[in-house]
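*Asks:* what shape does this take:
(one chain, ligands or ions: 2)
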Amino acid sequence: MLQIGDGIHCFSVVFVVVLLGTRSAVCSTVVTASLYVFLLMFRYPQVPSGRVRQVLRPSKAVQSGGVSLVAHRGGGHDAPENTLAAIREAGENGATGVELDLEFSADGVPLLMHDETVDRTTNGSGLLSKLRFSELSELDASAKHRLREKFRGERIPTLQEAVEECIKLQLTIYFDVKGHPDESASALKEMYDKHPVLYNTSIVCSFEPKVIYKMRQVDPEVVTALTHRPWSLSRLGDGTPRFSSLWKHHWMQALDVLLDWAHHHLLWNLCGVSAFLVQKNFISPDYVQYWAERGVEVVGWTINTAVEKQYYQELLKISYITDSLREDCEPHY
Ligand SMILES: *[C@@H]1O[C@H](CO)[C@@H](O)[C@H](O)[C@H]1NC(C)=O
Ligand SMILES: *[C@@H]1O[C@H](CO)[C@@H](O)[C@H](O)[C@H]1NC(C)=O
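*Replies:* Ligands and ions are numbered 1, 2, ... in the order given. From the prediction side, this is the model:
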């Protein structure tokens, strides 16, 4: 069932907004009732809490006070991001899990890459969607890393290679999926079928609710999370406005308010997510409590200093994603 408290809040807002817009009590009643029925019919229930706990608070995390330490892109500060070397390095440095970015080559091979182009991380150039896997596999994925001497010749791994490495090292996987809902869901489903242990040791995360919804449609047993950064439509990661036009900026800001409201009152429920991955500036004890009441765990990103890590481990007692398991570093947006 829908949580009554949340439901009443959400549906009252919808009722009032439609009433103000249409000035018709009948119309707003019909719209509100339809929304209620829609949610009831199309929402996915959360995965049972026992299995969610195994994924989000694995037994390995006991050493860090029950808090998961997740290496962002495999730990992009300590090794070339999204590579097998990064996964191994993260394991050696005491990470309990790794966050990995799923993408596809031009010929549809699922692999690890964060950007749409290969320029920032490899010695190649061009759009990922224009390069075949045979071309990508020639590139040096450590070419632009500060420790490139140490990791020379590291390749772009396929999703399968990365998954197998993580299973071998008993690392939890946070699959970060940016787009391609259909291709991503089917590539991941293939991994879950091939390695059922992933149901206990991985979580699929995305900024895009439709990616998560699609994943649960394909397999409702998969543990999922929505990723969120308030004001992400109008502002970049470092807080600067995305658009120079003031009009456009304000319009995007209005959409940001709407999106934030939808995330907190509708989308999490529709997708039945078990965790909410939130940019650290918006996390407080009250915020963690808000989600705990809904059976959802907050995971913070990107936590890169010793002071912040201590705050997360000892005070908030929630898991976090970090660029380095070794030292303080700048955030990689
Ligand atoms: C990138 O580096 C690899 C490994 O050193 C090399 O084999 C390849 O030819 C290089 N590719 C380009 C486009 O420079
Ligand atoms: C997942 O965890 C449950 C509970 O601990 C266990 O019974 C099950 O066998 C595990 N599944 C796999 C594939 O490891």
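*Asks:* bridged to Thr227, which residues?
*Replies:* Leu277 (DSSP bridges).
*Asks:* how confident was the prediction at it?
*Replies:* pLDDT, Thr227: 96.
*Asks:* before we move on, what about the one 4 residues further on?
*Replies:* The model reports Trp231 with a pLDDT of 90.
*Asks:* ok, Phe175 next?
*Replies:* pLDDT for Phe175: 98.
*Asks:* what about it, neighbour count?
*Replies:* By the measure other Cβ atoms under 10 Å, the count of residues near Phe175 is 27. For every residue, glycine as well, the C-beta is placed using N, CA and C.
*Asks:* what do you get for Gln279?
*Replies:* Using other Cβ under 10 Å, Gln279 has 18 neighbouring residues.
*Asks:* next, give phi and psi for it.
*Replies:* phi -60, psi 140 (degrees, to the nearest 10).
*Asks:* surely it meets Trp301?
*Replies:* Yes: counting by Cβ atoms under 8 Å, Gln279 touches Trp301, with 6.3 Å between them.
*Asks:* quick one: the longest strand along the chain to chain centroid distance?
*Replies:* Criterion DSSP state E: the longest strand present in the chain is strand 97-104. In terms of Cα atoms, centre = their mean, to the nearest Å, the gap separating the centre of strand 97-104 from the centre of its chain is 9 Å.
*Asks:* now do stretch 95-111
*Replies:* Worked out by Cα atoms, centre = their mean, stretch 95-111 lies 13 Å from the chain centre.
*Asks:* show me what counts as buried in that stretch.
*Replies:* By neighbour count on 16 or more other Cβ atoms under 10 Å, the buried set for stretch 95-111 is 95-105, 109-111.
*Asks:* and stretch 131-142, by the same measure?
*Replies:* Leu131, Phe133, Leu136, Ser137, Leu139, Asp140, Ala141, Ser142.
*Asks:* for those residues, which one is nearest ligand 2?
*Replies:* For the buried residues of stretch 131-142, the minimum distance to ligand 2 (Cβ to the nearest ligand atom) is 29.0 Å, reached by Phe133.
*Asks:* contacts only, for that closest one.
*Replies:* Contacts here follow Cβ atoms under 8 Å, 6 or more residues apart in numbering; on that basis Phe133 touches Ser105, Ala106, Asp107, Val109, Leu111, Thr158.
*Asks:* which ones among those residues lie within strands?
*Replies:* Using DSSP E, those in strands are Leu111.
*Asks:* okay, the contacts of Phe133 in JSON lines with distance to ligand 2 and pLDDT next?
*Replies:* Formatted as JSON lines, the contacts of Phe133 follow (distance: Cβ to the nearest ligand atom, whole Å; pLDDT from 0 to 100):
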{"residue": "Ser105", "distance to ligand 2": "29", "pLDDT": "97"}
{"residue": "Ala106", "distance to ligand 2": "34", "pLDDT": "97"}
{"residue": "Asp107", "distance to ligand 2": "31", "pLDDT": "96"}
{"residue": "Val109", "distance to ligand 2": "26", "pLDDT": "97"}
{"residue": "Leu111", "distance to ligand 2": "25", "pLDDT": "98"}
{"residue": "Thr158", "distance to ligand 2": "22", "pLDDT": "98"}
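*Asks:* the contacts of Phe133: which two are farthest apart?
*Replies:* Ala106 and Thr158 (14.3 Å; Cβ to Cβ).
*Asks:* what's the following helix or strand after the worst-scoring helix or strand of the chain on mean pLDDT?
*Replies:* Across the helices and strands of the chain, mean pLDDT, DSSP states H and E gives its lowest value to helix 4-22, namely a mean of 76. Note on helix 4-22: by DSSP states H and E, the next helix or strand toward the C-terminus is helix 25-42.
*Asks:* contact partners of the helix or strand just after that next one?
*Replies:* Once helix 25-42 ends, the next helix or strand along the chain (criterion: DSSP H and E) is helix 49-56. The contact list for helix 49-56 (Cβ under 8 Å, 6+ apart) reads 46, 68, 172, 199-203, 223, 274-275, 295, 297, 299, 319.
*Asks:* give me that answer again for 10 Å
*Replies:* 46-47, 67-68, 70, 96-97, 172-174, 198-203, 221-225, 273-275, 295-297, 299, 318-319 (Cβ atoms under 10 Å, 6 or more residues apart in numbering).
*Asks:* which residue packs closest to Glu297, ignoring adjacent ones?
*Replies:* Distances taken as Cβ to Cβ, 6 or more residues apart in numbering put Ala275 closest to Glu297, at 4.6 Å, once the chain neighbours are dropped.
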